[in-house]
Every structure is written in structure tokens, then in C-alpha cells.
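> Let me see the structure of the following:
(3 chains)
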Amino acid sequence: MSTPVITKPGTDAAVKGGPTLSQRLTLFMPLIALVALLAALTIAEPDFLTQRSLTAVVRTSAPLVVLAAGATLVVLCGGIDLSIAALASLSSVLFALWLPDLGGLTTPVVIAVAGLIGALQGIGHVLLRIPSFIMTLGGMSIFSAVALVISDAGPVRVTDRDATKWLTLYVAGYVPMAFAVAVLVITLIWLALRLTPLQSYLTSTGYSEASARLAGAPVDLVKVLAFTVSGACAGLASIMLVSRNFSGSPTMADNLLLPAVAAIVVGGTAITGGHGSLWRSLVGALVITLLRVGLPIVGVPSAYEQILYGAIIVVAVALTLDRSKVLIIK
Amino acid sequence: MSVNVESAPTPSPSAAAPALEVRGLVKHYPGVKALDGVDLVVRPHEVLGLAGENGAGKSTLLKALVGLVRPDAGEIWVRGEKVRLKSVVDAADHGIGMVFQEQSLVPNLTAAENIVLGAEGAGVRRGVYRWDTMRRLAQEQLDKIGSHIDPLARTDTLSFADRQMVEIAKVLRIEERTSHPPVIILDEPTSVLESKEIETLFTQVRRLREFASVIFVSHRLDEVLDVCDRVSVLRGGQSVGEVATAGALPAELHRMMIGSTGADDHYHDTAIRRPEQEPEPLLSVRGLAGKTFRDVSFDVRPGEILGIVGVHGSGREDVCRALFGAEPTSAGEALLDGRKLNLSDTRSACAAGIGYVPAERKIEGMVGPMSVADNMTLAKQKARCVGPLVSPRKQASLVDRWIDRLSIRTPQRSTAIQRLSGGNQQKVVLARWLVADDVRLLLLDHPTRGLDIGARSEVYRLMRELANNGVATVLLADSLEEAIGMSDRIVVMSDGRMTAEVGCPSGNKPTPLDLVKEMV
Amino acid sequence: MTSPAEDVDVVAARPRPRRGVSLRDAGPPIALVVVFLVFSVLSPEFRTLGNVQNIMDTASVLAVVTCGITFVLLMGSIDLSAPGIMGAAAIAVALLVANNRNDHDLGLAGVLVAVLLAAALGCLSGLALVLLKVPSFMTTLGVSAVGLGVATLMFNGVQPNISDDLLASLAVDRLLGFSYLTWLAAACVLVGYLIQRYSRLGRYAYAIGGAEEVLSLSGVKVAPYKVAIFTLAGAFYGLAGVMVTSQLSAGLVQAGKGYDFAAITAAVVGGTLLTGGRGGVLHSAVGVLLVTVLTNGLVQIGVSPYWQGGVQGLIVVVAVAAAVLPQRRRNQVVK
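You can find the predicted model right below:
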């Protein structure tokens, strides 16, 4: 969907003033939300703030963190990846099916294949000029269908627990390995962006694709790269899920799409592109996981979870949207 | 090009109040005085031409007349009554309407719906459309101009000329809102028409005179002289006079549009140029063609500034973009240093040492929320990298050096570029191509647009310096003065073709008058 | 040279008029006939009357959903809220008509309330769009979640099975060989067509999709129409949810699962453009038939039904690419 951009005549005077109140708010929104939520839950249930339950929250959040982080790259480019959950489900099935034959190599292979699939989506988006949300919406149903067919619509047991055992360990006795891996992955991606021209290319593509192209930035390449990483992250998330469920299934990650989107927007990444970061999505994912885990603890029916996601998404997007970019919103 | 159409007998202008009068209209944009005291009188039942070169203020004046833009000072009087126009609908209520060139019809609605859009009246009863009434209402307007379009045809199935008729009919509907003859503004209506269609249009315009007043804007002065009763000329945001068209010559209008000034001293060389050596051309363009231009061929030598001048529709902007790989070409080629250029994408152009500064700084030039430093190093990443990695130290010293060299006023390196003034933003965008010291050819599209005097002269100084260092430049200037003052040679384009190529050496510059003749 | 929508002067290119019946208008019906014939040849079970009735029955719910989403697409917006709204309506109606969970027996009034609830949810999407300026795919995603949450709350762990005669008969009884649900769907398509052709709401939906800025420059307040369209779409989804409850004789939270995507596929395949302004209810109806015939046919010739979603996914990607490719420009920004 393209939207026309209407501009005002160029101003010669410098724009004075720092960030507005709303901008300041969105800067710290995820952290504020995290702290507020923790506080609220502890008040409702004083036993909540123990090491055991916090560790559980962090461990549960790991797949969502990875999923959201990967998709954040696509959002930073100005697009959206709606296929992450379906791709994770498909990857879980692939993992379970290939484990007997590939043994220890299964993990890197599945991640690589997921990344490749993501790359294909990116290439389709770039070459065919299909809006990313349609491309990934289509991808979502294709991945789902493939997963259903090769798994015969049922879970595929993983009998060899050793392959994924490492993910269930604890780093230094406290931090769940899965979460540590998630943080490591985010750090690596962040470093790759920060230390190379990629950050500039990515940000400029998201903020102003036209300007980026006219400055010679490799916009198409950056987009494909973003989709590749998003796919690979979906692959990694699937392995984390498998390590917990000891099976792969064609619908395993399907209910993670909405939380992932909510995590990204709650984290403060703007869906208009350019503004945001992987770390924000990490915090956003923690917030969403807290919601998920915390609601039952305080006796709120899990049905409200959905309603909350919906409200959160709308409000968070309303706050972080860059209005100056697009005058006609469809 | 003159058109032979029988003039209808004109009803004699009444002695009543003018249909529309503008007194001392002023509109400032930051850094630019678009309107600086414009006076205009439109008499009832007349066709008034409006002429002026780019930047003279025509566009802003029209927008003010039709309510799209609010003037800072001055008055607009309609039939002897002072009015404040707050919106297009407001202007319509006062009887003023404009036929825009594009995007003022909804393409997927029928012509009838477009004609009555927003004021369907009897055509829609309680939310339900009565198509026969819609047809009738539309037909009433179409009959006024003698058009035979089927009102219920979908607008995007109509030819361009027919769409223009629909636009005119839509504007004519204004008559229903006021009981007075409307004022109809036609903005460059002939630019995209073919000669037969132009004849038809002129017939319509003469017909309109019977029950309306018309303001006819066109850069084709022979047309203006043909169809209008009088012509009002704008220059530099001011009215410079009126001419009755009977017996007037285009040359007279040219003189009024341009004035008698030569190239302003302001733009003269500020440093001694190294002597011309006639080296081999750096850029050779041969028979380049694209959607809006064809048969474009010229050379640019190292150290030379080539100005391309032309009015809207000349295609010069697209030529620049095509050379940068930002616009598709259908024929021809360009050679840089004798090697054929890859015109298919911007990255190849960058790698070949070409830089492009777009006209629309805000949407195509800079990445607003990004820092000055990042904007400056966006195109030439290797200038700030050590190997594959970005070196913040290298970037800092590089950016500081150029901030200093170009006198860019910014609080810090890391300030978002959108917080700088326009002039400084432009300097950053320019610097983008200079930081790697590898630029061979610069394509500058309206580089001083929206800049104040001080910023402009800094940009000119920079351009001279670069030229002295052997950089070839193609300049699309904002005004003829700028083009003449800065260029070594000038190419004139009109309606997609090159119409002239003139030398512009310092000390023997052509006058704006010489150029305008080829532009219109 | 000026244009009203920009403060920048425009260099006018010469747009070419469209002549004759376009591929977009003629293609889908032709494709429908072709696909039908192909499957008739490939599978004897396909071409039985019973199967045709089956196809129509299957298509009925999708047709109503697609009818609603068509209006949103015409405006240039997108609507992902069908699953949530359908779920909420499905449970609501199941709890309001005669059922095994409570003593309500509101019959037709219950249906009406469910549809109104759905319309209110649609209205929410529209309001968030015009007031908060959040893009439609986010607002509808959010409203879908809200709808699902509301449905889950109402469901409260115990599935409501209905025993209402009217709803039961809709699914079971037949008129001229087709179930009443199919006739209902046909009526919806007809109503949708009338709205689109003869009402200001419908015509302005086209206009908003075609050139929204022109509409507002002509003094029309666009926002109320946008909200009204989303509300209308919501009402259609609500009716579809009621139809599912009728088919299943029970209210399910997942009554609308997959319908958002299926409806978009059907609309796009039928010739309604995602960018808005082109297509319409009749186009979408053809698209619904095309998609339903295709999936039914594939199953008949032995393709696993699991491929259904994948085939739809492929179709929508191809259809959008085919629509977009001819118009692509260099340096076009595609998000």
C-alpha cells in the first residue's frame, strides 16, 4: 500500500526545541511499563517477586524475545513480517523430522534453512514490489500448509533429548540458557549493525527510503538481509520451543504472532520505520511475557490477555507513529 | 505555435466592479518571498493571461486565489466585496474555481460524480444516488462548454483532453453556488495537449467568456497572446504590468518577465579560475531519452559548470535523475571518462563518482531524524570505515573537518539533521558526495532552493571551489540569473528537447532574454 | 503548474485513458469457468450436483466476510479483524438464542444483537484509525485480538450448543437445492452491490480509495465515512459469525479462524485491488467462488486439504504481484 506524502515548503529556519513530552514518554515507555507491571504483580501477589518465578518468566520469554528481535529488523526497514510464527512452527517440525538423521548438526541447519526461507520472502518483496505484509501473509499460510503436510497435522516427537538439552541449562546457576542465548544473539546482531555501515543503511531505509536510495544505500540488499535474519531468528525460536516441548508441531508457535507484534510496538519501535532497536523489543517481550504469566497469578482470566494485546498494540502504535511522515493514513 | 480560431464577439466589459481584484498580496515562506505585493484586476467577461517565469509567484498567487494558501498580507476582493478565503470550498462559495492539472478528479468515479463532488444536491436523496438526476446535473455543466462526454463514463476511461473538460465542468458548477459569473482559473491547461485538442480548448475558453471571467496561465506566450484579452506579468513576486494582447508581441512580454538586468554581480567568480585548457569531456551524453525527454546530447568537461535551463515540463530534472540512475532511460547512453555508464541504479552511479543533490531536500535529500554525521557519511561509507568496520574516531574527525570547511552550523555532530536550517542541511547533503574526495561529476538539482542569501553565496563559493578542483557540474538553477551567473555553458530545454546550447563565459554572458526565447 | 494535493509544483505526465474491458474485470470470471471445467474433467466426483451444492454451502460464509472486507479494501485500507469479530458474534448469538448454557431464547433478536456487537467492534477499528491515526492493519489486528478476548470471556470454558430452530434450519433446510445460508449469502452480495452502486457510502468508499485528498478538498468530511465503512464491514463479519454458529450448531471462539486471510485472497483474486479504488462486491463474489472451487477441486483430485492454506497463500502473492508489476516505477517505495 503506498501512501502519498505531502510536504510543506522547505523551512530555512532551524527547528528549535528538544524532544516533546510524548517523545520523552515513548523513549522510556517500555521500561516504565516493565517496572509498573512488576510492581503491580508484586502488589497483587507478594510471592511473585522471588527468584524462582522471575527465572521462570525470563525462561518463558526467550522464544518470544528472539522472534520479536528478528522481526524488529524488518520493522526498522519500514516493513512487517507476519510469517514469523508460522515459520517457527514449520522449523520446529523440520527440526523434529531431521534430528534422527542430522544429530548435532540439526540446530544450525534448521536455523540456516529458516534464514533462507526468510531471504526468499525478502527477495519476493523486493523484486515483485509486493508490500511486505502481503508477502509475509502469503508466506505465513504457505509455511503453515507445508508444516501441516510434512507432519501429517500432528506433533512429531523428539526422542533424543540430548540435542536440545543445552538449552535447558542455566548459566551461572541463575540465568536460563535459552534467555542467555537470546541476549547473545541480540548482542551479536546489534554489534554487526553498530560496527558496520549496516546500521546507517537500515535506519535510513526505514526513515526515508527515497533518500536512502538517492544516497546510494543498498536498500534492496538491506531489506533482504532483514528478512533473512528474521527467518533465522524464527528458526532459533523454534528450537527453544522444541527444547521445552520435546516435539515439533505445525501449530506450535502460531499463538506467538500477536504477542511478538505487541512486544515490538510496546518496546517503542515505530512501525513507520527507522526508529527503534532490538533492545527495545527485548524489553517489550519481557513486558508481554510478564502479562502472560502474571495475569493468571492475579486471577485475571487469560481471555483478557487477548484484549490487552489488542489494546496495547493500538495504543503503542498511536504513541510511536511518526505522523510527519505520512499525512494520509489508510 | 499559433492557433487559428475565430474569435467570438466579446461582450463589452461592463463598468461594474471587477470580477476579482487583488491588492498588495504578500506571502512569505521561510527564506523566500513568494509574493511581494501583487496587484491584479480581472474584469467581468474577460480572459486574463498570467505570465511570469519560474519563481515569479504565479503558483503561489493561484493557490491564494483559490483558498489553498493564506496570504500574509494584502486583500482579495470579489465583485467589490473583500473576502478571506479559508479553503477551496470557501473560494468556490465566492465563485472562484481552479482547474488543476492533476489529481483533482477521482479517477475511478464517473465524470458526473466528479463534477458534482461534495455538492451532489438533488443527485443524492437520503444517501441514495439518483443516477438520472446526476446525469442531468452533469450534463448542464457540460453543455455550457459544448462537450459531448458521456457523464456516466468512468473518469479514467476518458482521454486527457476530455478529463480537462470534466475539470472545467466541475469548476463551472460554482455558478450554482453564487448567482454571479464565476472566475475560472486555468493553470497550464495546454502543456500536455496536442494541437487539435488545444484548438478545442481555446474554443471552450472563448465560450466561457460569455458567462464567466477566466485567468489563463501558460508559459507558452503565443498561446497567451492568442486567447487572452489582457496579460498581467509577474516578476519576483510582484506585478510588473499589464499588456493588452491585441497587437502585442511576445518579445514585449519577455522583457517584462525578465526585466533589464543582466547577470547579478552576486554570482560572479569569487576566485580566479584556472585558464581553460579544453581537455577531453568528462561526461558525454549521447541521444539520451526517457519518459519526459528525448535526443539529449551534451558534454561536460572537468572543472566546467553546465547549466540546464527550462520551464516546467522541460524534462531537465529527469535528465539529471537519469544520469544518476534514478530514472529509467529508453535510448541513448552516457560516458564518463570514455567508459559507458551503468544507468540502471544509483549505486553504480555512486561508485562511478557521480553525486546527486535532489531538489526535494526533505523527502529525497536528507534522512531527517538521522544525525548530521550519519547523513554526511551515508553515501561514502568507506570514508568512515577501517576495513569493514565503522570507526567512530575516523568518522568524527572526518565530519568535523567538513563541518569546518563548509561552515556548517550545527550544535553537534550528532544533532538530527532536521533541526538544522535549510542552508546547513543542504551543505550536509552536498558534503555527502565530497567526503571521500572521489567525486568526478556533481548533478545539482535546484541546490539553492529555499536557502537565504547567505547560504546561497556559500553554496556558490563551494561550487566554484569544486570546479576549480576539476569536478564537472551539471546545474539546474532556481532562476535564470543563477544559471547564467554560475554556468560556463548553458543548455536550454523545452518540452523535452534541447533547443539551444550557448556559451556563458565570464565577461560575455548571455542575457536572460536570450534564453527565455528558447525556453517558451 | 499546480496540483491541490501538493505544495510542490507538478510536472504533468500524460495519463493514458483505459479502454474496453480490462483484464482485471474479465480475467477472474474466465478463470472461474476454466478452473471449473478443468476439475470437472479431472474428477468425476467434482461435477456432481451434490458437490456443486457443497461448494456453494462452503462458499457462503466466506462470501459474506469477503463482502464486508471488500468495502474496506475499496477505501485502500486493510482489515484483519474478521476472526475476532466473527468469534465474538458467534459466541454472542449462541448465548442469546435457545442454548444449553442459559435460558435465553431471543431468536432473531439475538441474531440482531450479535450483529450489532460485531458492528460496534468494526466501529472501534474505524475510530482508532481516524482519531488515533493508527494504520488500519494495526487497528484491525488489535480489534481482532479484542474480539477474540471477548469471545473467550463469553465462552467461559463451556461450549454453548444451540437448539434454536431458525438457526438450525438455515443450515439444514434447502430451497431449490441450496441451503438457506447460501441464499443468505447471495442476499448479502446483492445488498453489498446495491450499497456500492447506489449509496453515497459505497461511492465515497471508491472515492476514498481513488483519491482521498480530492474528496476532502471538495469539502467532504472523510473520517465519518471511514468509520461507517468499518462498521458496515463489522456487521457483515458478525452475520458471518452467526452463520458459522448455525452451521456448527454451536458457538466457537475460533469460528472465524483463517477467514481474514481467505477473504483477502478471495477479494484480491476477484480483482479488488489492495491499493483501493478498483473492484467491488461482484468481483469479490467471483473471487470467492474461484477460491472455493479451487480448494474443493484440489481435494477432489486427491490433494491433501492441508495444502489449502498454502495454495491460497500462493494465489494471493501471485495475484498481487500481477496487479503491481505492470505499474512499477524505479525507486518506488514499497513498504
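
> close to chain A, is the helix or strand encompassing C:F71?
Here C:F71, judged by DSSP states H and E, is contained in helix C:49-74. No: Helix C:49-74 does not reach chain A (C-beta under 8 Å from any C-beta of the partner chain); its nearest approach is 9.7 Å. Bear in mind the C-beta positions are built from the backbone N, C-alpha and C, glycine included.

> Would you indicate which residues of that helix are buried?
Within helix C:49-74, the residues that count as buried by 16 or more other C-beta atoms under 10 Å in any protein chain shown are C:51-52, C:55-74.

> How about stretch B:185-195?
B:I185, B:L186, B:D187, B:E188, B:P189, B:T190, B:S191, B:V192, B:L193.

> State the distance from the first one to chain A.
To chain A, B:I185 is 21 Å away according to C-beta to the nearest C-beta, to the nearest Å.

> Likewise for the fifth one?
When C-beta to the nearest C-beta is applied, the distance between B:P189 and chain A equals 23 Å.

> surely that residue meets B:Q164?
Yes: judged on C-beta atoms under 8 Å, B:P189 makes contact with B:Q164 at a distance of 6.2 Å.

> Mind listing the shared neighbours of those two?
B:V99, B:L201 (C-beta atoms under 8 Å, 6 or more residues apart in numbering or on different chains).

> Tell me where the chain has helices.
Looking at chain A here, since you left the chain open. A:21-44, A:51-76, A:84-102, A:106-128, A:132-151, A:162-165, A:177-195, A:198-207, A:209-214, A:219-245, A:257-266, A:278-297, A:303-320 (DSSP state H).

> you looked at the wrong chain, it should be chain C
Going by DSSP H, chain C shows helices at C:23-42, C:49-74, C:82-96, C:108-132, C:136-155, C:165-172, C:180-198, C:200-217, C:222-248, C:259-270, C:281-300, C:307-324.

> which one of these is the most hemmed in?
helix C:82-96 (a mean of 32; mean count of other C-beta atoms under 10 Å in any protein chain shown).

> Return the angle between stretch directions for it and helix C:49-74.
120 degrees (axes from the mean of the first three to the mean of the last three C-alpha atoms, to 10 degrees).

> Give me the angle between helix C:82-96 and helix C:165-172.
130 degrees.

> on contacts alone, who are the packing partners of helix C:82-96?
helix C:49-74, helix C:108-132, helix C:136-155, helix C:222-248, helix C:259-270 (3 or more C-beta pairs under 8 Å, 6 or more residues apart in numbering or on different chains; DSSP states H and E).

> In the stretch 51-200 of chain A, which residue sits closest to chain C?
A:A145 (2.7 Å; C-beta to the nearest C-beta).

> per-residue pLDDT, the closest residue to that residue other than its chain neighbours?
Excluding its sequence neighbours, the residue lying closest to A:A145 (C-beta to C-beta, 6 or more residues apart in numbering or on different chains) is C:G310, at 2.7 Å. pLDDT, C:G310: 88.

> Just to check, C:G310 is in contact with A:V146?
Yes: applying C-beta under 8 Å as the test, C:G310 and A:V146 come out as touching, 6.3 Å apart.

> was I right about B:L323 contacting B:V474?
Yes: with contact defined as C-beta under 8 Å, B:L323 reaches B:V474; the gap is 7.3 Å.

> any residues in contact with both of these two?
With C-beta under 8 Å, 6+ apart as the test, B:L323 and B:V474 both reach B:L283, B:L441, B:L443.
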